[in-house]
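>>> just coords:
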């Protein structure tokens with residue numbers, strides 16, 4: 001079962017075109033921070049800025065010249 005904040009985080013990463021492995025890495029990073037601080041991201045102000053680094057990323061563009 002996914003929490004609303006996790007679903008929103010995943011939705012944002014998918015919008016940016018991040019690879020599934022990258023998404024898993026980011027989610028595992030957030031889980032590690034939550035465990036370290038012993039708080040859920042939903043209940044902690046410490047996690048309020050976690051999305052900010054993603055704001056600097058742009059969606060990946062398809063390379064029409066790539067060989068298939």
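It's in. These figures come from a predicted structure and were not determined experimentally.
>>> from here on, contacts and neighbour counts on C-alpha atoms
Will do.
>>> residue ranges with poor pLDDT in the protein?
1, 44-68 (pLDDT under 70).
>>> And the helices in it, which stretches?
4-15, 20-37, 52-55 (DSSP state H).
>>> Adding distance to residue 43, write those out as a markdown table.
Listed next are these as a markdown table, based on distance: least, CA to CA, whole Å:
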| stretch | distance to residue 43 |
| --- | --- |
| helix 4-15 | 10 |
| helix 20-37 | 10 |
| helix 52-55 | 18 |
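>>> would you turn the ones you listed into JSON lines with mean neighbour count?
Below are the helices of the chain laid out as JSON lines (neighbours: other CA atoms under 10 Å):
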{"stretch": "helix 4-15", "mean neighbour count": "14"}
{"stretch": "helix 20-37", "mean neighbour count": "13"}
{"stretch": "helix 52-55", "mean neighbour count": "10"}
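>>> Now do the nearest residue to residue 13 once chain neighbours are set aside against residue 14, distance only.
In this structure, residue 13 finds its nearest non-sequential neighbour in residue 23, 6.6 Å apart by CA to CA, 6 or more residues apart in numbering. Distance of residue 23 to residue 14, given as CA to CA, to the nearest Å: 8 Å.
>>> ditto for residue 2
Remark: distance between residue 2 and residue 14 (CA to CA) = 15 Å.
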